[in-house]
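Visitor: Below is the sequence, then the predicted model.
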Amino acid sequence: MWVGIGFKQGTAPQLIVIAIEQVFQKYLLDESAIAGIATIDTKALDTALIKICHQRHWLLQTFSAAKLSTVLVPNPSAIITKATGTPSVAEAAAILAADNGELGAKLLVPKNIFRLSGLPGVVTVAVAQEIQA
């Protein structure tokens, strides 16, 4: 499974981890099945994201806004389009990362938006999985 995420600059790394954990608990998914994190390429050098992936032994895959905007998603956002140039980051990135190029990918969890009192930032999480034959 691939976890697609979007987040504001300055978001607490703990919020990213908590958001992923809560989504996997809510949807009864196994965190050990996570292959990696997928997001927009402007986050490719985000030190908190790199650290999280390193600690958890997850891959980090990023995509350009142009590539993300080619993916049809159930929850596009005009606000995200204005901020990033694509209507979806979390859902589109998860789908692209999970797509093996043959059978495609299935969005298991649509975007979930997280904010927690006491932790700065906002995180959006979506989960996709490669379609198995």
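Guide: Structure received. Residues are numbered from 1 along each chain as shown.
Visitor: who's in contact with Leu116?
Guide: Counting by Cβ atoms under 8 Å, 6 or more residues apart in numbering, Leu116 touches 15, 18. For every residue, glycine as well, the C-beta is placed using N, CA and C.
Visitor: how much space between it and Ile18?
Guide: Distance from Leu116 to Ile18, counting by Cβ to Cβ, to the nearest Å: 7 Å.
Visitor: cool, and Leu60?
Guide: Distance from Leu60 to Ile18, by Cβ to Cβ: 19 Å.
Visitor: For Ala105, grab phi and psi.
Guide: phi -140, psi 150 (degrees, to the nearest 10).
Visitor: cool, Leu60 as well?
Guide: Torsion angles, degrees, to the nearest 10, at Leu60: phi -120, psi 120.
Visitor: Tell me, how many residues neighbour Lys82?
Guide: Lys82: 9 surrounding residues under other Cβ atoms under 10 Å.
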